[in-house]
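1. Here's my sequence, what's the structure:
(chains A and B)
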Protein chains: 2
Amino acid sequence: MNQHYERLQTYLDKRAALLSAMTLMEWDNETLAPVKAAEKTARCMGILTEGLYHSIVNAEAIGLIHQLQEEEDLTEIQKAVVRTLAKELEKLEKISPKDERAYSELVSRSQMVWQKAKVEDDYDTFAPYLEQVVDMTRKRNACCRKEGQRLYDVSLYEYEEGFGIQELDVFFAELKKTIVPLLKRIQESGVQPNTDFVYRTYEVEKQKQFNLWLAEYLGFDLEKGVIGESEHPFTTNLHNEDVRITTHYDPNNLLSAIFSTIHETGHALYEMHIPDEMTLTPVGSGASCGMHESQSRMMENMIARSRAFWEPIFGKLKECFPDQLEDVDLDQFVRAINRVQADLIRTESDELTYCLHIMVRYEAEKKLLEESVPVSELPSLWNSLYQEYLGVVPECNRDGVMQDVHWAGGMFGYFPSYALGNAFAAQLYHKMAQELDIPQLLRDGQISGISDWLAEHVHCYGATKTAGEILQLATGESFNPQYYTRYLTEKYTRLYRLEEK
Amino acid sequence: MNQHYERLQTYLDKRAALLSAMTLMEWDNETLAPVKAAEKTARCMGILTEGLYHSIVNAEAIGLIHQLQEEEDLTEIQKAVVRTLAKELEKLEKISPKDERAYSELVSRSQMVWQKAKVEDDYDTFAPYLEQVVDMTRKRNACCRKEGQRLYDVSLYEYEEGFGIQELDVFFAELKKTIVPLLKRIQESGVQPNTDFVYRTYEVEKQKQFNLWLAEYLGFDLEKGVIGESEHPFTTNLHNEDVRITTHYDPNNLLSAIFSTIHETGHALYEMHIPDEMTLTPVGSGASCGMHESQSRMMENMIARSRAFWEPIFGKLKECFPDQLEDVDLDQFVRAINRVQADLIRTESDELTYCLHIMVRYEAEKKLLEESVPVSELPSLWNSLYQEYLGVVPECNRDGVMQDVHWAGGMFGYFPSYALGNAFAAQLYHKMAQELDIPQLLRDGQISGISDWLAEHVHCYGATKTAGEILQLATGESFNPQYYTRYLTEKYTRLYRLEEK
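-> Numbers count the residues shown, from 1 in each chain, chains lettered A, B, ... in the order given. Predicted coordinates for the structure are as follows:
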């Protein structure tokens, strides 16, 4: 093995071990830890975070990483590891530890203020903090930007390399052109499926049983994973043989836990399929936020909202809840799980309108970072964008501009990756459908046919490639958002029988 | 603050954070982690263990610790921290990292061999490993021993400072003189309570509800702790506001989970009562193995096997299991939970015979380390000691010399601390009974009266003092094993009505 890489390995090992430990602490904190533990455990986490920083940011490791960028006798994975670390260092070297600390204190305070302000619907208290976060983000981005990058591009690069303002403007223009009018047609059609049965009472114990069965049906391996509960569902992993998802059970909503279990299982399969030689390295996880989201959203929407998916298992669901679902047949169920309803809250939105919620955020954060639109004008901007794209306006900022934590936490540039994920999913799905008879696999309960394809064409790369490179390799072409808009148009035209009108 | 201590603080923080993370990983491993996670997570743990070692064993920290041993302007807690670290260093400096690694590899392999050999009742396969462990322990102890210490003393010192061969010989002689004949009288009395009801079927869900309620009744604060399940019950803690216990439920044994919950809650209260200024420092835990065991055994035996304890809550237990306990009254229940039954397995033994199981191990390990008795003779030695003290002889080594993991893991010197714990408990209990009306507190359900006393006289010191010093402070006298033998003699004479015969 390359001598320099061998020496770097010690630092990589330390980094991986600390990351696993911290991942577990975060998981535990969300699922199990006693309430009063938070403060002291956070102190420990802070110390470990510092250790994690120094595992790579130290004279020897930095020297080795720079040295290794010049060397040829590395495996492809090793090259990707060096590239990833060099990218991390590049950013870290441009921001002083002092500024980094000030920033992380600010966003931590800002999130606390946001939490309280949201409950009290008090935007004025939150605004000065958000203003500081925007200011500091602009300054940080100015320090870090590379040639040709605009300020907002620097934030976007954090979450999705290769998808800057230029690419996203094209992407969202395409959505605006097709989905906004499509939604209007649906709204005007007057067609709405009956979803009353969704809100009947569903015992949590039985929901748990069904969700556990469902996760395994989708391929979640309980010998390599854990299913827990938390307020907000999420996926995390220590490595490829310890992948954890959570669900949240609502006794008055049948679909909430089911679709979040499916969504998180999509994420989990990605992590379970990371090759052994990549796990516990800096490239041992999904390629990007968007690519990860493509896996969860494909599972949740394209696969699990299809009729074929439910054909073999709807009976199982009815068996669990015979009284509640007595008067519901498969067709009614499939219409209900695909109901389109323009509404205010992103996390509760349906497949079609989801990307419009993201589009509002994209335009708003672009204006904040690029056009210096003042934070005081954000609520009215938000409301007018909701009116324009979704036809609804929040009555209070709690249900509007303050609904998500991202901006309070300085995570500008994150939202667009959610929408990109859906579009990646559509492009991958289109290709997969040329090679596999997906509906038939679903009717036969052969989910593994699908997840094997994803493992082979997406998961196997870990983070050794960018999302764009994976798309190219898997589908033979570069990113093309039209697969997504066409998929949505075709599906919802059919479901809402828009042609017949 | 002392400048040198302030500099040491960085290393202490790192040590504390790593320990908390590793504690959580161990807890998770026993309670929740998926089976296939073990190997990779163990690799991470190994790397963190090395980090933990270097958090103190590095040039600057070592220099600071030695320097601080000479300095006066430290708080009592800081002095205790320096003392504790100096003691750790003293040992680490005497054994080379290479020898340490060889030892830890040996005991890890030896435990794996033991596990398989135990299942197969194959002592001959295990013996060569045990022999190596004994050899290496003798060599390590020879390196580490201080003036006046015998080889076995070095092992004993690891678990209970101040209780070497000399003190333990006196202690066990006292036990031998009183408990062995007391057991014989009980066995000859022919009196045996009926315990059939214990082995009826008790639904695990209901057991869980009762045990949760019971832990809280004893003072376990669910805002500062978690109750989980594992194969073997244990207590662990990240810090004083995150203390975790486990229980194991047997659907065909009412008492197994109940008394292990009580035992572990005794440990947990100790850790929950560690003062804030000590937690997350090297003195932020119980004083010693023996002192910890005194808290769990006092709760389990002296308190929770008394009639007064069950008077207010036996009704609650009957409510949970009305059918199973229909024909059982309080007196019968109390006799059953105090049944004496000389048997082969330490972990299943009753309050009276427990210390005899330990006595066998003490004598055996003393002979291994001090008298070079060959490992091949261990089974016959074991069997003859069981015959002598308990009047029973195992039919196979699985139920005899191979039943515990300790020796396979090199933990010589650990067993005696279990017996000492019981004796510490009796001495503390005797003092407490002079100051509190314990039966009345129990009848009133005022467990906090007892745990407050323990917090004030034992828990508050953390590990700033040795067990011997705490006993002296709490009871006004040095360790006196007669409180323990008198307590057992008085209690079991009464329960088995031996005077009347």
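
2. Give me the contacts around stretch A:155-162.
-> A:137, A:141, A:149, A:163-165, A:168, A:288-290, A:365, A:369, A:412-414, A:416-417, A:420, A:466-468 (C-beta atoms under 8 Å, 6 or more residues apart in numbering or on different chains). In short, each C-beta sits where N, CA and C put it, glycine included.

3. so how far is that stretch off the chain centroid?
-> The chain centroid and the centroid of stretch A:155-162 are separated by 14 Å under C-alpha atoms, centre = their mean, to the nearest Å.

4. Alpha carbons only: can I get it in CSV?
-> The C-alpha trace of stretch A:155-162 is given here as CSV (Å, rounded to 0.1, in the frame of the first residue of the first chain):
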residue,chain,number,x,y,z
SER,A,155,-24.1,27.1,-0.1
LEU,A,156,-25.5,24.9,-2.8
TYR,A,157,-22.1,23.3,-3.3
GLU,A,158,-22.2,22.1,0.3
TYR,A,159,-25.2,19.9,-0.3
GLU,A,160,-25.0,19.1,-4.0
GLU,A,161,-21.9,19.5,-6.0
GLY,A,162,-22.6,20.4,-9.6
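
5. what mean pLDDT does it have?
-> For stretch A:155-162, the mean per-residue pLDDT is 95.

6. From the contact counts, what lies against whichever strand or helix holds A:Leu175?
-> Assigned by DSSP states H and E, A:Leu175 belongs to helix A:165-189. Counting contacts by 3 or more C-beta pairs under 8 Å, 6 or more residues apart in numbering or on different chains; DSSP states H and E, helix A:165-189 packs against helix A:151-159, helix A:351-370, helix A:378-390, helix A:415-435, helix A:482-495.

7. Quick one: those as a markdown table, columns for mean neighbour count too.
-> Output for the helices and strands packed on helix A:165-189, formatted as a markdown table (neighbours: other C-beta atoms under 10 Å in any protein chain shown):
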| stretch | mean neighbour count |
| --- | --- |
| helix A:151-159 | 22 |
| helix A:351-370 | 22 |
| helix A:378-390 | 18 |
| helix A:415-435 | 22 |
| helix A:482-495 | 18 |
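
8. between the ones you listed, which gets nearest to A:Ala127?
-> When the helices and strands packed on helix A:165-189 are compared by C-beta to C-beta, helix A:378-390 sits nearest A:Ala127, at 7.9 Å.

9. how far out from the middle of the chain is the closest one?
-> That offset, for helix A:378-390, works out to 23 Å (C-alpha atoms, centre = their mean).

10. likewise stretch A:50-59?
-> Distance, centroid of stretch A:50-59 to centroid of chain: 27 Å (C-alpha atoms, centre = their mean).

11. ok, the residue nearest to A:Glu365 when sequence neighbours are not counted - how many residues close by?
-> In space, and not counting its chain neighbours, A:Glu365 is closest to A:Phe412: 5.0 Å by C-beta to C-beta, 6 or more residues apart in numbering or on different chains. If you count neighbours by other C-beta atoms under 10 Å in any protein chain shown, A:Phe412 ends up with 27.

12. So which residue is smack in the middle of chain A?
-> The structure's chain A has its C-alpha centroid closest to A:Glu293; by C-alpha atoms, centre = their mean the separation is 4.2 Å.

13. Wait, a helix at A:Gly162?
-> No. If the criterion is DSSP: H, G, I helix; E, B strand; the rest coil, then A:Gly162 is coil and not within a helix.

14. how near is it to A:Arg443?
-> Applying C-beta to C-beta, to the nearest Å, the value for A:Gly162 to A:Arg443 is 37 Å.

15. ditto for A:Gly476
-> 28 Å.

16. Those two: who's more crowded?
-> Neighbour totals were compared for A:Gly476 and A:Arg443, and A:Arg443 leads with 16 against 8 (other C-beta under 10 Å).

17. Quick check: the more buried one touching A:Trp310?
-> No. With contact defined as C-beta atoms under 8 Å, A:Arg443 does not reach A:Trp310; the gap is 9.8 Å.

18. so the residue nearest to the centre of chain A sits right up against A:Ala423, yeah?
-> No. Counting by C-beta under 8 Å, A:Glu293 sits too far from A:Ala423 to count as a contact (9.9 Å).

19. tell me the contacts of A:Asn383?
-> A:Val393, A:Pro394, A:Gly400.

20. Just give the nearest non-adjacent residue to the second one, would you?
-> Distance criterion C-beta to C-beta, 6+ apart; nearest residue to A:Pro394, sequence neighbours excluded, is A:Gly400 at 3.5 Å.

21. Tally up the residues packed near the one you found, please.
-> That count, for A:Gly400 with other C-beta under 10 Å as the rule, works out to 21.

22. Dihedrals phi and psi, it?
-> The phi and psi torsions at A:Gly400 (degrees, to the nearest 10) take the values phi -120, psi -120.

23. ok, it to chain B distance?
-> 35 Å (C-beta to the nearest C-beta, to the nearest Å).

24. mind listing what that residue touches?
-> A:Gly400 touches A:Leu344, A:Pro379, A:Trp382, A:Asn383, A:Tyr386, A:Pro394, counting by C-beta under 8 Å, 6+ apart.

25. per-residue pLDDT, it?
-> pLDDT, read off for A:Gly400, is 97.

26. residues touching the residue in the stretch 301-450 of chain A that chain B sits nearest to, list them.
-> Residue nearest to chain B within the stretch 301-450 of chain A: A:Ser448 (18.0 Å; C-beta to the nearest C-beta). Applying C-beta under 8 Å, 6+ apart to A:Ser448 gives the contacts A:Gly219.

27. in which helix or strand would I find it?
-> helix A:447-457.

28. and that helix, which residues are buried?
-> A:Ile447, A:Gly449, A:Ile450, A:Ser451, A:Trp453, A:Leu454, A:Ala455, A:His457 (16 or more other C-beta atoms under 10 Å in any protein chain shown).
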